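In: kindly return the folded structure for what I paste below:
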Amino acid sequence: MLTTGLVAIDSTIVATAVPSIVHDIGGFSSFPWVFSIYLLAQAVSVPIYAKLADTVGRKPIILLGIGLFLVGSILCGVAWSMPALILFRVVQGLGAGAVQPMAITIAGDIYTLKERAKAQGYLASVWAISSVVGPTLGGVFSTLGIWRGIFFVNVPLCLLAAWMLLRTFHEKIEKTRHRVDYLGAGLLTVSLSLLILAVLEGGQAWAWNSPQSIGAFAIGGILLLVFLAVERRAEEPVLPPWVFSRRLLLTTSLISFGVGAVILGLTSYVPTYLEGSIGVSPIFAGLALAALTLGWPISASQSGKLYLRIGFRSTVLIGVALAVAGAGLLALIASSPNVVLVGAACFVVGLGLGLVATPSLIAAQSSVEWNERGVVTGTNLFSRSVGSALGVAVFGAVANAIYAGTVNGDQVPSVIVHASSAVFAAVVVVTLLLVGAVLAMPRSRVASGSPATGPVTAVPAGE
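Out: Numbers count the residues shown, from 1 in each chain. Have a look, this model is predicted:
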């Protein structure tokens with residue numbers, strides 16, 4: 001719960017301070033990179049951490065993640081320019097890539113499926129608390145002109161989380177030899193970086209039909225195909241092909257991809273939309289966003305009761321229907337900014353995503369044994385991170401294209417409303433695509449027996 005809190009707070013606290021950060025160090029057109037580069041670093045590192053966790057254990061990996069997140073937070077807190085902040089967010093993202101999947105994987109190791117429903121309630125409560133604490137802190141720091149505090153607040157949290165894990169979590173590992181797929185990891189990193197670069201900078205730094213744009217798309221696409229070919233022959237692939245050959249794992253990964261795009265699309269643009277269009281203070285804009293991340297854990301904590309009764313697929317279908325309804329409402333009211341209505345729409349979207357993300361992940365985890373659970377969990381969260389990174393990039397391209405049509409468009413309320421409306425409409429499209437992925441998800445029997453056994457015994461101290 002403590003380590004989950006690191007990622008949970010970071011997901012909301014930064015967005016509310018974007019206007020203050022831009023005002024201090026500049027770079028409004030580049031601010032989507034603050035999110036995209038963090039998510040990209042998180043995404044490409046997750047499969048590596050997941051593979052290592054299935055061989056050397058969960059504890060060393062999660063402690064490494066906390067250490068990187070700590071260093072990255074300190075560096076972000078002293079950033080002197082937007083490029084420096086973007087660079088330091090890479091370090092923070094590399095830490096988050098270990099922290100979030102390892103926390104979920106450890107819960108999957110320790111608890112049975114039935115117990116996991118209750119444990120997910122505890123983990124979801126972290127997101128509920130963070131959904132209020134994060135935006136509030138971000139708004140306070142932003143209002144006081146000390147936005148750097150949003151990063152320094154991570155320092156005591158990292159130290160406390162590491163100390164608690166060292167003190168209370170113990171595992172016995174049968175050491176196995178392993179080979180890290182560095183070539184695959186490198187190809188994945190470069191290909192995704194080029195694709196995100198092409199989407200974010202197209203129409204901004206260069207024209208869409210320019211050699212730079214075409215080259216970035218082409219080389220990124222080719223390297224992605226090379227990566228897929230390399231993974232087929234790698235001894236221990238960073239992203240095993242078998243993960244995508246199983247229908248349940250493929251569909252849940254696609255679902256996670258869509259969830260990532262929706263959640264970061266709204267997280268990145270709701271505060272900017274409210275603050276820029278009607279002059280709402282960062283604190284209230286953050287609270288409107290908090291409704292999104294508050295709805296998620298509320299429904300996620302109750303999802304166990306649903307999927308144990310009606311199954312994973314039916315539960316996820318209910319969730320995606322709510323997400324479509326909430327996103328549609330947000331798009332409809334976008335032309336007339338209203339904090340209460342925006343908060344209500346975000347809350348409905350959050351309720352839906354809570355019933356989508358958690359049950360689909362647990363369905364994937366429950367279909368494999370211990371020695372595959374780390375990779376499966378990592379792949380699912382990798383998909384969410386890639387969805388988030390590409391989603392922010394695409395939404396950023398949409399918004400920047402509209403801003404570019406007006407001099408200082410990012411400071412004109414009517415233009416901000418127009419750009420935000422376009423982003424919210426794009427979010428609706430993503431939720432509709434999610435419906436298709438959920439419908440393709442196979443029906444699976446829910447059994448609440450013991451967790452799969454493997455070469456590790458992971459137990460909380462005292463139990």
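In: scan this structure for its longest helix.
Out: Counting residues, the longest helix in the chain under DSSP state H turns out to be helix 370-403.
In: list the buried ones in that helix?
Out: For helix 370-403, burial by neighbour count (16 or more other CB atoms under 10 Å) applies to 370, 372-400, 402-403. From N, CA and C alone the C-beta is placed, and that goes for glycine too.
In: Three-state assignment for Glu171, please.
Out: Three-state call for Glu171 (DSSP: H, G, I helix; E, B strand; the rest coil): strand.
In: in the stretch 301-450 of the chain, where is pLDDT below threshold?
Out: 370-371, 409-410, 444-450 (pLDDT under 70).
In: one more time with 50
Out: Applying pLDDT under 50 to the stretch 301-450 of the chain picks out residues 448-450.
In: mind listing what the residue nearest the centre of the chain touches?
Out: Nearest to the mean C-alpha position of the chain, by CA atoms, centre = their mean, lies Ser385 at 4.7 Å. For Ser385, the contacting residues are Leu39, Leu40, Gln42, Ala43, Val46, Gly97, Gly260, by CB atoms under 8 Å, 6 or more residues apart in numbering.
In: and the two most separated of the residues you listed?
Out: Maximum pairwise distance among the contacts of Ser385 (CB to CB): 13.4 Å, between Gly97 and Gly260.
In: of those two, who's got more company?
Out: Using other CB atoms under 10 Å as the criterion, Gly97 and Gly260 rank with Gly97 on top: 32 against 27.
In: which residues touch that one?
Out: Counting by CB under 8 Å, 6+ apart, Gly97 touches Ala41, Gln42, Ala43, Val44, Ser45, Val46, Ile48, Tyr49, Gly65, Ser385.
In: hang on, the earlier thing: which of the contacts of Ser385 lies closest to Phe169?
Out: Using CB to CB, Gly97 comes nearest to Phe169 of the contacts of Ser385, at 19.3 Å.
In: ok, and the closest non-adjacent residue to that closest one?
Out: Leaving out its chain neighbours, the residue that sits closest to Gly97 by CB to CB, 6 or more residues apart in numbering is Ser45, at 3.4 Å.
In: how far out from the middle of the chain is stretch 87-102?
Out: Taking CA atoms, centre = their mean, to the nearest Å, one finds stretch 87-102 lying 11 Å from the centre of the chain it belongs to.
In: the residue nearest to Gly97 contacts Gln92, doesn't it?
Out: No - judged on CB atoms under 8 Å, Ser45 makes no contact with Gln92 at a distance of 11.3 Å.
In: number of nearby residues for Arg233?
Out: Arg233: 9 neighbours (other CB under 10 Å).
In: who's in contact with it?
Out: The contact partners of Arg233, taken as CB under 8 Å, 6+ apart, number zero.
In: again with the one 5 residues further on
Out: Taking CB under 8 Å, 6+ apart as the definition of contact, the neighbours of Val238 are Pro47, Ile48, Lys51, Val180, Asp181, Gly184, Ala185, Leu188, Glu231.
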